[in-house]
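Novice: give me a 3D structure for the following:
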Amino acid sequence: MKRIVFVVQFIAFLLLLTACAQPSVTPATATPTTIATATPTLTIAASATPRATATAAPSATALPPAPTRMPTTAVQAAIWAKWQSSAHGNTYDLGKGPNTYCSRCHSPQNWDPASKVDAPPNCVSCKFASDATVRIAKSNQLVSQADWRNIGCDICHPMKDGLASKEIGWFNKTSGKYESVANATALCEKCHTDTDVLKHRIDLGKATHTGLQCTQCHDPHSTQASCSATKCHPSLSKIAGHDAAHKNVSCVACHDASALQVGPDNTTKMWTTWQSSTIAGMKMLNPARSHNVQKQADCARCHFKDNPWNLSSSVSKTP
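Specialist: Below is the predicted model:
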């Protein structure tokens, strides 16, 4: 009996030694990964060649019939040429954020309503002024220039037989249908609303042009405004101040009724109105073409004593 007990104890002892001889295993610990982001809502996409690495926007959920053939008449060709050189035909700009959110107005055919998932990106979602490359806002992919559609004919004109019809109507990308509009101004206001982007704002105020349609001043296809080409002011050259010395001075620089600041725009070389704004805590001046005009011009807005442009301060008021 004692021998049996001894054997059992000896076997247990061997088992204990075997267990102790096995190497201990330390659980693998994953190394935490730190993701660097410019802001909590942005994913940084560094690239020396942003256009080459730009990805196409998500597939559009609703598209109007696209143009399938080129203009066939001289009139259609002239309209097409105007559009190609217009602001509507050249909306792509890497520095201004051509992602799917911005394309809602800048290139509706590229906009995917499903891409708007988080807070809307602001002007620095894609690129700071100091950035050498473009940053891509999360879930709002960059649209390549090759895929960019601009603001085409099919956004403002229902398509028929592969060409834009003479009718006007606004294509609602969300519903995938054209919406009827009362007039040209109602059509323009579908995009040109009082947004945070100053140059988008249209405020006719309560002055001279109240009640006019946008297309009474602006060519609907080139978007250029003219006081004389529209036959509203055929004899401007006879008015004091409308001379060669003021050829680079826009109408609103003298006739603005909003008390905006006035000065030259280094990009266009034209004198225009400016509006102050605060972006990221910094006060900035931006060219904001006023639509609130009056007949009387105040020369002292530019021609004042010790003005920064060295203009004469001794001028007579216009009649």
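Novice: identify the single longest strand in this structure, thanks.
Specialist: If you go by DSSP state E, the chain has its longest strand at strand 270-279.
Novice: and after that strand, which helix or strand comes next?
Specialist: Next along the chain after strand 270-279, taking DSSP states H and E as the criterion, comes strand 282-287.
Novice: now the angle from that following strand to strand 270-279?
Specialist: Here the directions of strand 282-287 and strand 270-279 differ by 150 degrees (axes from the mean of the first three to the mean of the last three CA atoms, to 10 degrees).
Novice: surely S180 and E167 touch.
Specialist: No. S180 lies out of contact with E167 (CB atoms under 8 Å); the separation is 9.1 Å. C-beta coordinates here come from the backbone N, C-alpha and C atoms, glycine included.
Novice: now the helices for the chain?
Specialist: For the chain, the helices defined by DSSP state H cover 2-21, 50-53, 74-84, 103-106, 153-156, 184-188, 251-255.
Novice: which outside residues touch the fourth one?
Specialist: Read that as helix 103-106. 57, 91-92, 98, 109-111, 143, 148, 150-151, 173, 191 (CB atoms under 8 Å, 6 or more residues apart in numbering).
Novice: which among those end up buried?
Specialist: By neighbour count, with 16 or more other CB atoms under 10 Å, those hold 57, 91-92, 98, 109-111, 143, 148, 150-151, 173, 191 as buried.
Novice: where among the helices of the chain is average confidence lowest?
Specialist: Confidence, taken as mean pLDDT, is least for helix 50-53 of the helices of the chain (a mean of 34).
Novice: what does the pLDDT read for W309?
Specialist: Looking at W309, its pLDDT is 93.
Novice: mind checking how far it is from Q141?
Specialist: Taking CB to CB, to the nearest Å as the measure, W309 falls 44 Å from Q141.
Novice: over to G89?
Specialist: Separation of G89 from Q141 (CB to CB) stands at 23 Å.
Novice: what's the answer for S277, then?
Specialist: Counting by CB to CB, the gap from S277 to Q141 is 28 Å.
Novice: settle it for me: which of these two has more neighbours?
Specialist: Q141 (19 against 14; other CB atoms under 10 Å).
Novice: ok, that one touching T100?
Specialist: Yes. Q141 is in contact with T100 according to CB under 8 Å; the separation is 6.0 Å.
Novice: can you pull out the low-pLDDT segments for this structure?
Specialist: Within the chain, the ranges that satisfy pLDDT under 70 run 1-72, 95-96, 116-129, 134-139, 194-207, 279-280, 316-319.
Novice: tell me the domain boundaries of it?
Specialist: 38-64+80-149, 201-319 (automatic domain parsing).
Novice: export the ones you listed to CSV and tack on distance to M159?
Specialist: Putting the domains of the chain into CSV (distance: least, CB to CB, whole Å) gives the following:
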stretch, distance to M159
domain 38-64+80-149, 6
domain 201-319, 16
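Novice: deepest of these, which one?
Specialist: Burial of the domains of the chain is given as mean neighbour count (mean count of other CB atoms under 10 Å); domain 38-64+80-149 ranks first at a mean of 17.
Novice: and A245, how far is that from H106?
Specialist: 37 Å.
Novice: next: T215.
Specialist: Distance, T215 to H106, by CB to CB: 21 Å.
Novice: also K177?
Specialist: Computed with CB to CB, the distance linking K177 and H106 is 21 Å.
Novice: isn't W170 right up against L187?
Specialist: Yes. With contacts counted by CB under 8 Å, W170 reaches L187, the gap being 5.7 Å.
Novice: which neighbours do these two share?
Specialist: Overlap of the contact sets of W170 and L187 (by CB under 8 Å, 6+ apart) consists of 156, 181.
Novice: first-to-last residue distance for stretch 130-142?
Specialist: Stretch 130-142 has an end-to-end distance of 19 Å (CA to CA, to the nearest Å).
Novice: ok, P158 - contacts?
Specialist: P158 neighbours (CB under 8 Å, 6+ apart): 64, 164-165, 167, 169, 178.
Novice: now for those: which two are most distant?
Specialist: The span of the contacts of P158, defined through CB to CB, is set by P64 and E167 at 12.8 Å.
Novice: nearest to K160, out of the domains of the chain?
Specialist: When those are compared by CB to CB, domain 38-64+80-149 sits nearest K160, at 11.1 Å.
Novice: mind listing what C254 touches?
Specialist: 241, 246, 297-299, 301.
Novice: for P264, state which of those residues is nearest.
Specialist: The closest of the contacts of C254 to P264 turns out to be H246 (CB to CB; 12.1 Å).
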